[in-house]
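>>> here is my input, please return the structure:
(chains A and B)
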Amino acid sequence: EDKVVQSPLSLVVHEGDTVTLNCSYEVTNFRSLLWYKQEKKAPTFLFMLTSSGIEKKSGRLSSILDKKELFSILNITATQTGDSAIYLCAAVNPHALNFGKGTSLLVTP
Amino acid sequence: KAGVTQTPRYLIKTRGQQVTLSCSPISGHRSVSWYQQTPGQGLQFLFEYFSETQRNKGNFPGRFSGRQFSNSRSEMNVSTLELGDSALYLCASSPQTGELSPLHFGNGTRLTVT
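Next up, the predicted model:
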């Protein structure tokens, strides 16, 4: 059975801290890994990773994929209160996006 | 460009009733997928439609069905509602079907079954 596990499930940090969110997967016919940020409603797309070892960056967010060890991490540096959200990862195969249950991040002032 | 639009935003139904949810994808997007999101199970894949054909289906009972129209708009139907169907139903669209096309989500329909 395809499985995606995110850790930690929840996290509380202070503004300015750096956080690392983890996503491990066991998915048949894996094609890519996606990261989304979900605040109140629609998840918004952050990154798509298809190749191992190539870091994707967008401002203070970055992500990397390890296809040998079957995991990905999402880093957020210099966190701000606006980063508070649920972060979802999804492992993609030809049949579906297999989502993890998410990491709930709270950044306190 | 307008985003993915889902209607209605909120629905309250009673057990045994049926419900139809609607999704209009981003203009030019031909793939529409549906997901159920609950606190305990997270986001679970229901089905994907592309060019009016169901391409993939998740592990949900036959009470959950969908369709896609020629303009790519999609509807999802749930019959004989159960309390456990209470959830946020998210629709997502992408330009193509397939695994290398990130999804763009709508704001969802919050369904409460009493």
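
>>> so A:Lys37 touches A:Pro43, yeah?
Yes - here A:Lys37 reaches A:Pro43: they are 6.8 Å apart, a contact under CB atoms under 8 Å. Glycine gets a C-beta too; all of them are placed from N, C-alpha and C.

>>> these two: which has the busier surroundings?
A:Pro43 (28 against 20; other CB atoms under 10 Å in any protein chain shown).

>>> re the thing from before, okay, and the common contacts of A:Lys37 and A:Pro43?
A:Leu88 (CB atoms under 8 Å, 6 or more residues apart in numbering or on different chains).

>>> flag every residue of chain B that's near chain A.
Selection of chain B residues close to chain A by CB under 8 Å from any CB of the partner chain yields B:3-4, B:33, B:35, B:41-45, B:48, B:56, B:58, B:90, B:98-100, B:102-108.

>>> and the closest residue in space to A:Asp17 that isn't next to it in sequence, how close does it get to A:Ser10?
Of all residues beyond its chain neighbours, the one nearest A:Asp17 is A:Thr79 (5.3 Å), with distances taken as CB to CB, 6 or more residues apart in numbering or on different chains. Distance from A:Thr79 to A:Ser10, counting by CB to CB, to the nearest Å: 14 Å.

>>> okay, these two: which has more neighbours?
A:Thr79 (21 against 11).

>>> burial check on B:Ser93, number of neighbours?
Counted with other CB under 10 Å, B:Ser93 comes out at 26.

>>> so which strand or helix has it?
Element membership of B:Ser93 [criterion: DSSP states H and E] is strand B:87-94.

>>> what about that strand, distance to the chain center?
Chain-centre distance of strand B:87-94: 5 Å, with CA atoms, centre = their mean, to the nearest Å.

>>> the following helix or strand past that strand - what's its average pLDDT?
Of the helices and strands lying after strand B:87-94 in sequence (DSSP H and E), the nearest is strand B:104-105. The average pLDDT within strand B:104-105 is 92.
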